[in-house]
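1. structure for the following, please:
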Amino acid sequence: MLQTHHLVPHFDVTDLAGERVHYSSLWQRKNLVLVTLPDAEAPAREYVDRLMALVRGLNDEDTKWIVTEDRIAGVPCPSVVVADRWGEVAHVAHPSRVEDLPAPEELVDWVRYLEYRCPECEGEAR
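-> A predicted model of the protein is given here:
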């Protein structure tokens, strides 16, 4: 199961908008927020609506936000994975219910953290 500091496995999924996404096209280019859902029915639909409304207002070119019902090896469902552009997982949550996924605002905070952290400084602290 995917954990903090693991690397995101390369995957191909279809997002809820019907767009085919190949992680290899994002890797080393964009941060990633990946949300896996068991289905797009309520309460998952409510979560997605809140998340997408927030994302639309961000004007964030450096992060790819993917919401999918597709299964990815090593990534439970439901779950949220936040990873930097090199695929290192900064935050992961895999609750048993969609209602317990992190709030969309918390995911934005994780993305901001990725934008401002200093990997070289963290390496010195390890």
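2. poorly predicted segments of the chain, please.
-> 40, 119-126 (pLDDT under 70).
3. which residues in it form strands?
-> Taking DSSP state E, the strands of the chain run over residues 12-14, 20-22, 31-36, 63-68, 79-83, 89-93.
4. list the buried residues for the second one?
-> Pointing back at strand 20-22 there. Val21 (16 or more other Cβ atoms under 10 Å). Using the backbone N, CA and C atoms, a C-beta is placed for each residue, glycine as well.
5. how near is the closest residue to Val8 other than its chain neighbours to His5?
-> Distance criterion Cβ to Cβ, 6 or more residues apart in numbering; nearest residue to Val8, sequence neighbours excluded, is Gly87 at 4.4 Å. Distance of Gly87 to His5, given as Cβ to Cβ, to the nearest Å: 11 Å.
6. I figured the residue nearest to Val8 hits Leu7, correct?
-> Yes. Using Cβ atoms under 8 Å, Gly87 is in contact with Leu7, at 4.6 Å.
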